[in-house]
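[1] Kindly generate the corresponding structure for this input.
(one chain, ligands or ions: 3)
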Amino acid sequence: MRKRYFCKRLNETLDFDALKVFYCCATRTGPSIDIPKPDKVKDIITKRNSLIKMLDRGDIPEECQGCFDLREQEKPKNLLFSLFSKPPKAKMIIVKHFKQCDCSCIYCCEQYLSGRKIVLKSKKSDYYDLLPIIKECYKQDIIDKKNLDVHFQGGNVSVLDEFEDLVDIFMQNGVKRVEIATNGIVYLPKIAEIADKTFVDINISIDSGCRETFKKIKTVDKFDDVVENLKKYVKLPVLLRLKYILVRGYNDNKEELQKYINLMKEIGITNSELMIDQCDKEFLQDGEFKIPEYYYELFDFYKKECLANGINPTIWEYIEEILKKGSFFK
Ligand SMILES: C[S@@+](CC[C@H](N)C(=O)[O-])C[C@H]1O[C@@H](n2cnc3c(N)ncnc32)[C@H](O)[C@@H]1O
Ligand code: SF4
Ligand code: SF4
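    Ligands and ions are numbered 1, 2, ... in the order given. Reported below is the predicted structural model:
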């Protein structure tokens with residue numbers, strides 16, 4: 001019998017990026033559709049539904065070939081039945097249709113679009129307004145309201161004019177979880193406003209534990225501001241996570257990692273995430289990004305020191321996969 005497939009991400013995700021809407025998260029270059037307009041919301045959904053049906057028939061779209069998220073259906077429904085059943089509603093919305101930022105991290109994967117320009121005042125996205133599109137998605141009833149998980153990425157939301165209005169529309173519609181990735185340079189009062197009304201996850205990429213290293217990596221002298229803001233966020237009923245991206249030649253050593261862990265302890269932050277710079281071209285060898293041997297030592301050191309200091313040392317499952325494999329990207 002012919003194999004039939006499904007992809008949980010495709011069934012659940014709408015990832016609004018600057019130039020396209022993707023149907024899965026940023027770690028894949030999966031199927032997509034060009035920049036949407038409110039009157040084209042139908043097209044976004046029509047294309048997604050046709051991809052879901054394609055997999056259900058056993059045809060794999062070119063962009064999904066070889067993807068480790070693609071699954072074979074264990075108990076496929078009768079094809080005729082599945083043709084008439086309703087396609088799933090979106091459960092995850094990723095907001096990254098803007099690239100402006102109030103710093104310019106040397107490692108940032110998104111800065112090629114913003115030209116590394118530092119933007120200090122809130123402004124419109126250079127690409128499109130998302131608010132009218134989200135309103136239309138709700139109107140067309142294609143969002144699973146009660147189970148919706150929203151991830152704000154970017155750019156940095158502190159300089160996005162629509163940020164608060166977007167949070168409001170998701171809140172008015174009963175969003176289940178709001179995740180905000182930010183550099184923490186500017187305090188976001190909206191977070192305190194929604195903190196006890198839904199599940200809020202803030203992750204702040206500080207990538208350092210001292211002013212000098214922060215300045216070298218983020219290219220702005222704002223370490224002290226971030227620390228002050230962290231002291232305010234830590235008091236809120238939210239999941240606060242601090243993030244450290246290992247950047248070759250800047251913070252890829254035990255001393256810097258120790259300073260970062262000490263800082264978390266001092267402020268009282270108990271969740272951390274360690275990442276690898278995925279845009280480091282020096283990793284490239286024979287078409288693959290090879291993980292250097294000493295990174296394994298750093299990950300071990302990180303886990304040990306975090307645990308010794310009562311900190312939860314999260315490593316994203318995607319990074320765990322990469323570490324196991326020793327390399328990433330085809
Ligand atoms: C592009 S940023 C946007 C949100 C926010 N400005 C921030 O820095 O958290 C989203 C996430 O991507 C991560 N990121 C950016 N460039 C990366 C890279 N080269 N390797 C790994 N993660 C990266 C950031 O650390 C951040 O957690
Ligand atoms: S199979 Fe992979 S590439 Fe295709 S939609 Fe799912 S996650 Fe994206
Ligand atoms: S703060 Fe975020 S968006 Fe801004 S440059 Fe750094 S990683 Fe990129």
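[2] where do the helices sit along the stretch 51-200 of the chain?
    79-84, 111-114, 131-139, 163-172, 189-194 (DSSP state H, counting those that start in this stretch).
[3] Return the set of buried residues in the fourth one.
    Just to be clear, that refers to helix 163-172. For helix 163-172, burial by neighbour count (16 or more other CB atoms under 10 Å) applies to Phe163, Leu166, Val167, Ile169, Phe170, Met171. In short, each C-beta sits where N, CA and C put it, glycine included.
[4] Next, find the distance separating Ile269 from Pro189.
    Distance of Ile269 to Pro189, computed by CB to CB, to the nearest Å: 20 Å.
[5] Rebuild the buried residues of helix 163-172 as TSV, extending it with distance to ligand 3.
    Putting those into TSV (distance: CB to the nearest ligand atom, whole Å) gives the following:
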residue	distance to ligand 3
Phe163	13
Leu166	17
Val167	18
Ile169	23
Phe170	21
Met171	24
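[6] on that earlier part again, could the helices of the stretch 51-200 of the chain go into TSV alongside mean pLDDT?
    Conversion of these to TSV gives the following (pLDDT from 0 to 100):
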stretch	mean pLDDT
helix 79-84	81
helix 111-114	76
helix 131-139	93
helix 163-172	98
helix 189-194	98
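[7] closest one to ligand 1 among those helices?
    Shortest distance between ligand 1 and the helices of the stretch 51-200 of the chain, using CB to the nearest ligand atom, is found for helix 111-114: 8.2 Å.
[8] in the closest one, what's buried?
    Neighbour counts over helix 111-114 (16+ other CB under 10 Å) mark Gln111, Leu113, Ser114 as buried.
[9] Pipe these into a markdown table and attach distance to ligand 2 per row.
    Below are the buried residues of helix 111-114 laid out as a markdown table (distance: CB to the nearest ligand atom, whole Å):
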| residue | distance to ligand 2 |
| --- | --- |
| Gln111 | 24 |
| Leu113 | 21 |
| Ser114 | 25 |
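[10] I'd like to know how far the residue nearest in space to the middle of the chain sits from Cys25.
    The centroid of the chain falls nearest to Gln153 when counting by CA atoms, centre = their mean (5.6 Å). For Gln153, the distance to Cys25 (CB to CB) stands at 10 Å.
[11] overlap in contacts of these two?
    Ile94 (CB atoms under 8 Å, 6 or more residues apart in numbering).
[12] Could I get the contacting residues of the residue nearest to the centre of the chain?
    For Gln153, the contact set (CB under 8 Å, 6+ apart) comprises Ala26, Ile94, Val95, Lys96, Ala181.
[13] Looking at Ile269 and Pro189, which one has more neighbours?
    Neighbour comparison, Ile269 and Pro189: the larger count goes to Ile269, with 21 against 9 (by other CB atoms under 10 Å).
[14] For the chain, what lies in contact range of ligand 3?
    Contact residues, the chain versus ligand 3 (CB under 6 Å from any ligand atom): Cys101, Cys103, Ser104, Cys105, Cys108, Glu110, Gln111, Gly154, Gly155, Asn156, Asn183, Ser205.
[15] closest to ligand 2 among those?
    Glu110 (19.2 Å).
[16] quick one, what contacts that closest one?
    Applying CB under 8 Å, 6+ apart to Glu110 gives the contacts Lys96, Lys99, Cys101, Gly154, Gly155.
[17] so which two of the residues you listed are the farthest from each other?
    Lys96 and Cys101 (11.5 Å; CB to CB).
[18] which residues do these two both contact?
    With CB under 8 Å, 6+ apart as the test, Lys96 and Cys101 both reach Glu110, Gly154, Gly155.
[19] Mind checking which of the residues you listed land in strands?
    Assigned to strands by DSSP state E, none of those qualify.
[20] Tell me where the model's unsure across the stretch 101-250 of the chain.
    Counting by pLDDT under 70, the stretch 101-250 of the chain shows no low-confidence range.
[21] of all of it, which residue lies closest to ligand 2?
    For the stretch 101-250 of the chain, CB to the nearest ligand atom, closest residue to ligand 2: His151, 15.2 Å.
[22] Identify the residues contacting that residue.
    Met92, Ile93, Ile94, Val95, Glu179, Ile180, Ala181.
[23] Indicate which one of the helices of the stretch 51-200 of the chain is closest to Asp221.
    helix 111-114 (18.4 Å).
[24] which residues are in contact with the closest one?
    Ala18, Lys99, Gln100, Cys101, Ser104, Cys105, Asp126, Gly155.
[25] how much space between Gly30 and Leu113?
    Taken as CB to CB, the span from Gly30 to Leu113 is 19 Å.
[26] Then Glu164?
    Distance from Glu164 to Leu113, by CB to CB: 23 Å.
[27] for Leu236, same thing?
    31 Å.
[28] Check Thr29 too.
    15 Å.
[29] Same check on Arg241?
    For Arg241, the distance to Leu113 - CB to CB - is 25 Å.
[30] Please apply the same query to Lys42.
    Relative to Leu113, Lys42 is positioned 27 Å away (CB to CB).
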